[in-house]
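[1] Predicted model and sequence follow; I will ask about them next.
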Amino acid sequence: MDLRSARRTRRGVIGRVAAVVVALGTVACGSRPVGAPDPSASALPSAPAQSEVSASADPSPTDAVEVISTGTLAVVTAAAAVVDEPGGSRWALLEPDHHVLVVDALRDGATTWYRVEFEYCCEAGGPQEWVFGWVAADLETAGLAHPGWGIAPPEELAGPTLEAVEWQCPERPEELYRIPEPVRHRCLGIAEIITIRGILSAGFDGEALYPGDPAHLTALPNASLIPVGMESGYRIFPMHLPTGDPLLFAWLNDERVKRGEVVEVTGVFGPGAVICTKAPRLERFPPMSPEEQQLWCEQQFSVGEIHADGPDPVVHAPIADPNWTPPPGVQPSSGDGWRLLASSTRNELAVTVSSETVDVALDAEQYERLWLSQAGGEPPPVDFADELVLQLVPPVSGSCPWIAFTGIGTDVEESVMYGEFQYLSADLFLEEVPDQFGCTTDATPHAFLVAIDRSLAPGREFRLRLRDERLCEECGITWDEIVVRLDP
């Protein structure tokens, strides 16, 4: 019997919902949700109700439990195994009292299985991350098939694995922290901009279990906020700062933020019209479906602006370092159909963007934004009637950061344009190179802003790639290529 049902819909808009929120804050591993329904709350749309599963000819543990509709927020009743597919291999554990989002359900023989989004904790000491997996609807199936890992003994395995939870949208954006992360975006309209006041801090270190594109949204949250008036027992509000905007990152080192002063953060949930892709970084993690990848990004909060009392932080270009700057004549200033506007190797740009990325400016407004995110003053002139501006950020070793931009390559048949670079010898920079000299394997960014003739474009629509070959598409690196569409 197929239990698939309609996908969830967004509910209401914060500011138009006049009710008190149900306090259901998601909490750290192993602890219980904080708070309880407020008796003064008015009737608001709640999670979908549970529905009965008709009994099969051969009764099973599943037939004794109610089945939860897809799109429902639920709580885990007891420790249960998460498997890669219905009846498959265990790879994670659902802990009691944690919240999950049911995104799909199906019947496989005598057993009902839920596809759930749950908080995985923790890979190699890293932070908790929301991922997807399958779990049996009844504890007997979920536990007996996968003993161990703290799952209860067989005589205690009875009843449903999950129980549906009712929740309500808060009145104010600052109170979104009260409801679990997978449903916060449902309280807003598509691409609705909100402002939250609170205390800003840096986010999580490490690599995401499922990196992808757009890079800043699929990575671990790189900032967090304690909203004004946040009650104890709740977690901080995770946020994503676009990696290509150094002004936003400058706020993390601003003295007002370090002193714990309140700032205003404006942003939106989701990637907008951008298609979101995520792929597992480690082999033992199962893939997400395209719908799950998009849903995951819709649940993320992307920051657009940060403001506080006083002026914005100032972004400065780095002080000249002779160990980074090529000797005269090594870095050409122009070539066939291109000219170098600025580069971090010549200390004209702040190294504030992520390595392995590309970007493009097709008009003066986009160019100014690109320029001011990395440098001050007036940008070099560009005639956008005949030119466009590319930003190429190749990775280099932090101990051997010597690279030169040498030109633009195109593949007309594949509609691809890419940058060409040359790694430079240490002899050009060091008076004496040690016998055992070696380079670290990190990926330090160097940025190049290049104006190119529009006539070089291999078509009205083409892919701009960092190099002629993708860096490591099978590893999930997608941010080294973008699609460029030129006006007719």
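    Looks like it came in fine.

[2] Only C-alpha atoms from now on, for both contacts and neighbour counts.
    Will do.

[3] could you point out which element follows the lowest-mean-pLDDT helix or strand in the chain?
    Across the helices and strands of the chain, mean pLDDT, DSSP states H and E gives its lowest value to helix 139-144, namely a mean of 70. Beyond helix 139-144 on the C-terminal side, the first helix or strand identified by DSSP states H and E is strand 162-164.

[4] What lies in contact with the helix or strand that comes right after that following strand?
    For strand 162-164, the succeeding helix or strand toward the C-terminus, using DSSP H and E, is strand 194-202. Counting by CA atoms under 8 Å, 6 or more residues apart in numbering, the neighbours of strand 194-202 from elsewhere in the structure are 173-174, 222-228, 252, 257, 260-268.

[5] Weed out the non-buried ones from these.
    173-174, 222-227, 252, 257, 262-268 (16 or more other CA atoms under 10 Å).

[6] Enumerate every residue touching Ser302.
    With contacts defined as CA under 8 Å, 6+ apart, Ser302 is in contact with Leu217, Met239, His240, Leu241, Pro242, Gly267, Val268, Phe269, Gly270, Pro271.

[7] top of the residues you listed by neighbour count?
    Of all the contacts of Ser302, Leu217 has the most neighbours under the rule other CA atoms under 10 Å, reaching 27 neighbours.

[8] what residue ranges in the stretch 351-488 of the chain score low on pLDDT?
    Filtered on pLDDT under 70, the stretch 351-488 of the chain yields the residue ranges 351-353, 434-438, 440-442, 471-479.

[9] I'd like the distance between Leu456 and Gly206.
    39 Å (CA to CA, to the nearest Å).

[10] Looking at the contacts of Ser302, spot the one nearest Gly377.
    For Gly377, the closest of the contacts of Ser302 turns out to be Pro242, at 22.4 Å, with distances computed as CA to CA.

[11] Quick check: chain neighbours aside, which residue is closest to that closest one?
    Closest residue in space to Pro242, ignoring its immediate chain neighbours: His216 at 5.4 Å, by CA to CA, 6 or more residues apart in numbering.

[12] What is the helix or strand that contains the one you found packed up against?
    Using DSSP H and E, the element containing His216 is helix 215-218. If you count contacts as 3 or more CA pairs under 8 Å, 6 or more residues apart in numbering; DSSP states H and E, helix 215-218 packs onto no helix or strand.

[13] and whatever helix or strand comes next after it, which strands flank it?
    Towards the C-terminus, the helix or strand next in line after helix 215-218, according to DSSP H and E, is strand 223-227. Listed by DSSP bridges, the sheet partners of strand 223-227 and their directions read strand 194-202 (antiparallel), strand 237-239 (antiparallel).

[14] Buried residues, the first one. List them.
    Of the residues in strand 194-202, those scored as buried under the neighbour-count criterion (16+ other CA under 10 Å) are Ile194, Thr195, Ile196, Arg197, Gly198, Ile199, Leu200, Ser201, Ala202.

[15] got a pLDDT number for Trp296?
    The model reports Trp296 with a pLDDT of 94.

[16] where does it land in three-state SS?
    In the three-state summary, Trp296 is assigned as helix, counting by DSSP: H, G, I helix; E, B strand; the rest coil.

[17] From Pro86, how far off is it?
    Computed as CA to CA, the Trp296 to Pro86 distance reads 21 Å.

[18] Which one's more surrounded, these two?
    Each of Trp296 and Pro86 has its neighbours counted (other CA under 10 Å); Trp296 has more, 23 against 19.

[19] So which residues of the stretch 351-488 of the chain form strands?
    Along the stretch 351-488 of the chain, the stretches classed as strands by DSSP state E, counting those that start in this stretch are 357-361, 387-393, 395-396, 403-411, 416-423, 444-445, 448-453, 461-465, 481-485.

[20] The longest one pairs with which strands?
    Same thing as strand 403-411. Strand pairing for strand 403-411, determined by DSSP bridges: strand 416-423 (antiparallel).

[21] Ok, the last one next?
    Sheet pairing of strand 481-485 (DSSP bridges) gives strand 461-465 (antiparallel).

[22] what does the partner strand contact?
    Where contact means CA under 8 Å, 6+ apart, the residues beyond strand 461-465 that reach it are 358, 415-419, 480-486.

[23] now do 7 Å
    Residues from elsewhere that reach strand 461-465, judged by CA atoms under 7 Å, 6 or more residues apart in numbering: Val358, Ser415, Val416, Met417, Tyr418, Asp480, Glu481, Ile482, Val483, Val484, Arg485, Leu486.

[24] and these, which two are the farthest apart?
    Taking every pair in these and measuring CA to CA, the maximum separation is 19.3 Å, between Asp480 and Leu486.

[25] quick one: contacts for Phe119?
    Rather than Phe, residue 119 is Glu. Glu119 is in contact with Gln128, Glu129, Trp130, Val131, counting by CA under 7 Å, 6+ apart.

[26] Beta-bridge partners for it, please?
    Judged by DSSP bridges, the bridge partners of Glu119 are Trp130.

[27] before we move on, what about Val360?
    Per DSSP bridges, residues listed as beta-bridge partners of Val360: Leu390.

[28] quick one: low-confidence ranges for the stretch 1-150 of the chain?
    Residues of the stretch 1-150 of the chain that meet the cut-off, pLDDT under 70, sit at 1-65, 123-126, 142-150.

[29] And for the stretch 151-300 of the chain?
    151-157, 244, 246, 273.

[30] so which of the contacts of Ser302 comes closest to Ala308?
    If you rank the contacts of Ser302 by distance to Ala308 using CA to CA, Gly267 comes first, at 15.0 Å.

[31] Please name the nearest non-neighbouring residue to the closest one.
    Gly267's closest residue in space is Val303 (CA to CA, 6+ apart), at 4.3 Å.

[32] so the one you found touches Thr243, yeah?
    No. Under the criterion of CA atoms under 7 Å, Val303 is not in contact with Thr243, lying 10.7 Å apart.

[33] The two: which has the busier surroundings?
    Taking Val303 and Thr243 together and counting by other CA under 10 Å, Val303 has the greater number of neighbours (21 against 17).

[34] Just the buried positions in the helix or strand where that one lies, please.
    Assignment of secondary structure by DSSP H and E places Val303 within strand 301-307. Judged by neighbour count (16+ other CA under 10 Å), strand 301-307 contains these buried residues: Phe301, Ser302, Val303, Gly304, Ile306, His307.

[35] Kindly report the same for stretch 423-434.
    Phe429.

[36] Give the full set of residues in contact with Pro96.
    Under the criterion of CA under 7 Å, 6+ apart, the contact list for Pro96 reads Gly30, Val76, Thr77, Ala78, Ala79.

[37] which secondary structure element contains it?
    Take DSSP H and E as the rule and Pro96 turns out to sit in neither a helix nor a strand.

[38] Backbone dihedrals for the nearest residue to it once chain neighbours are set aside, please?
    By the measure of CA to CA, 6+ apart, the closest residue to Pro96 outside its immediate chain neighbours is Ala78, 4.5 Å from it. Dihedral pair for Ala78: phi -160, psi 160, per degrees, to the nearest 10.

[39] go on, Glu255?
    As for Glu255, its main-chain torsions (degrees, to the nearest 10) stand at phi -60, psi -30.

[40] That one: neighbouring residues, count only.
    As a burial measure, Glu255 scores 11 neighbours (other CA under 10 Å).

[41] Many thanks, we can stop here.
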